[in-house]
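I would like the atomic coordinates for the input below:
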Amino acid sequence: MTVSEQRLGAGWTAREIRQQPATWPLVADAVARARTDVEALLRDALAEPRTRIVLTGAGTSAFVGELVSRDLAHHLGRPVEAIPTTEIVADPRGSVVDDRPVLLVSFARSGNSPESVAAADLLRRLTPRLRHLVITCDPAGALARRWSGDEDAVVVALPDEVNDRGFAMTSSFTGMALAALLAFGIDVDVRELARAGSSVLDDVERRAFGIADAAPARLVFLGSGPLLGLAREAALKCLELTGGEVVGVAESSLAFRHGPKSVVRDGTVVVVFLSPDAHTRRYDEDIVRELVADLGPDRVVVVGPADGGARSWPVPCAPGWSPAVWSLVAVITAQATALACSLALGLEPDDPFPGGEVNRVVRGVVVHEFDEFDGKG
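Residues are numbered from 1 along each chain as shown. Okay, here's the model as predicted:
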């Protein structure tokens, strides 16, 4: 066992963080095997210019959609919406406002949460035509079973390795995001991606515990553009793995000044994901300089090149990588930091809620019958 393994542990969560670079080629293979069916579905759906493209999921799976939506929009030359299943189920009328057909892309680790199945069923009922691409880590889950064999659906089952056994989603997040990019035909050099991920893991223990050993009460994650989805996932990992003991907050670099900066006080550490986009990065750099002046350099961490006197956590970015592709590597820093904070608190990262207050697969959801005529006028 390496020194890193001794500190980060050998549980499921630690293993699933470390394994990510090795799983990405397996994800690419899974998408390649489904390529013919996926292309036929997308060709059929996108032949209609009015088709809406909706990416959905709950929690981490919703953040997958937020992360990749802009890459898909640029690639397809048409709008792509990221709407969580939780919003579709709770407010169907807010999600379906006209008679356009929908191409729905569902992300799900297990597909067993009630909203996963209910959201797609609602959209099929409320739209004239629903095509459905399911990207899931569990081919035996309820969502995959519901849509397998449907003439308007394709289920892309990712390798078992990314069906995380730990409480929090880690390799399933990067696996599903990569699968979505590849499924829509975006060219990603998976081997280069894996090399970059491995290089971050080489030094992950020292840097993650460098943050955790400061015993932060709050971890703020800032990201602009697609990196806001990354920041939200980072904050969720912090909350989940520390059992809520360390408060995780996410915002964009510009929006942070508009009220959310109130969270900055003693015990706050701010992590800024520095965008690979040159224009966007200027705003990230501005907030870094401001926060270093407010907090001092030790309480501001820049994921990316060193800037403005803050602590730097280098993450490689190959030429031509979009912010979404870079995020698949950058998220390892947040996952490892959340794990280190959990261990520093003496918690069990694979089971941070032994009392069952929060569950690996959500419980307690009642999906109420929806009457499209109820409450109208």
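
Let me see the ranges of the helices in the stretch 51-200 of the chain.
Using DSSP state H, counting those that start in this stretch, the helices of the stretch 51-200 of the chain run over residues 60-76, 85-90, 92-95, 114-126, 142-147, 171-183, 190-201.

Redo these as a markdown table? Include distance to residue 39.
To be clear about C-beta, it is placed using only N, CA and C from the backbone, and glycine gets the same treatment. A markdown table is the format used below for the helices of the stretch 51-200 of the chain (distance: least, C-beta to C-beta, whole Å):
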| stretch | distance to residue 39 |
| --- | --- |
| helix 60-76 | 13 |
| helix 85-90 | 25 |
| helix 92-95 | 27 |
| helix 114-126 | 21 |
| helix 142-147 | 18 |
| helix 171-183 | 9 |
| helix 190-201 | 19 |
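
Mean neighbour count, mean pLDDT and distance to residue 50 added to the ones you listed, as a markdown table?
As requested, the helices of the stretch 51-200 of the chain are exported to a markdown table (neighbours: other C-beta atoms under 10 Å; pLDDT from 0 to 100; distance: least, C-beta to C-beta, whole Å):
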| stretch | mean neighbour count | mean pLDDT | distance to residue 50 |
| --- | --- | --- | --- |
| helix 60-76 | 23 | 97 | 14 |
| helix 85-90 | 21 | 95 | 19 |
| helix 92-95 | 15 | 90 | 16 |
| helix 114-126 | 21 | 93 | 15 |
| helix 142-147 | 21 | 96 | 23 |
| helix 171-183 | 27 | 98 | 22 |
| helix 190-201 | 18 | 97 | 34 |
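
Out of these, the one nearest residue 326 is which?
Nearest to residue 326 among those is helix 190-201; the distance by C-beta to C-beta comes to 8.4 Å.

show me what contacts residue 104?
Residue 104 is in contact with 54, 56, 120, 123, 130, 131, 132, 133, counting by C-beta atoms under 8 Å, 6 or more residues apart in numbering.

quick one: which of those residues is nearest to residue 22?
When these are ranked by distance to residue 22 (C-beta to C-beta), residue 133 comes first, at 25.3 Å.

so that closest one makes contact with residue 105?
Yes. Contact criterion C-beta atoms under 8 Å: residue 133 and residue 105 qualify, at 4.7 Å.

Residue 202: how many residues sit nearby?
If you count neighbours by other C-beta atoms under 10 Å, residue 202 ends up with 9.

List the backbone torsions phi and psi for it.
With angles defined as degrees, to the nearest 10, residue 202 sits at phi -60, psi -30.

Could you do residue 271 as well?
Backbone torsions of residue 271, given as degrees, to the nearest 10, read phi -110, psi 120.

One more: the one 3 residues further on?
Its backbone dihedrals place residue 274 at phi -80, psi 120, with angles given as degrees, to the nearest 10.

May I have the helix or strand containing residue 42 as PDB, with CA atoms only?
Assigned by DSSP states H and E, residue 42 belongs to helix 35-46. Provided in PDB are the C-alpha atoms of helix 35-46 (Å, rounded to 0.1, in the frame of the first residue of the first chain):
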ATOM      1  CA  ARG A  35     -22.500   3.700 -31.600                       C
ATOM      2  CA  THR A  36     -24.800   2.400 -34.400                       C
ATOM      3  CA  ASP A  37     -27.900   2.500 -32.200                       C
ATOM      4  CA  VAL A  38     -27.000   5.900 -30.700                       C
ATOM      5  CA  GLU A  39     -26.400   7.500 -34.100                       C
ATOM      6  CA  ALA A  40     -29.700   6.200 -35.500                       C
ATOM      7  CA  LEU A  41     -31.600   7.600 -32.500                       C
ATOM      8  CA  LEU A  42     -29.800  11.000 -32.700                       C
ATOM      9  CA  ARG A  43     -30.200  11.200 -36.400                       C
ATOM     10  CA  ASP A  44     -33.900  10.600 -36.100                       C
ATOM     11  CA  ALA A  45     -34.400  13.000 -33.300                       C
ATOM     12  CA  LEU A  46     -32.300  15.900 -34.700                       C
END
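
Contacts for it, please.
31, 51, 76, 78, 101, 103, 131, 133, 152-154, 156, 183-184.

Then stretch 141-155?
Here stretch 141-155 makes contact (C-beta under 8 Å, 6+ apart) with 34, 37-38, 40-41, 106, 108, 110-112, 116-117, 120-121, 129-134, 136, 138-139, 157.
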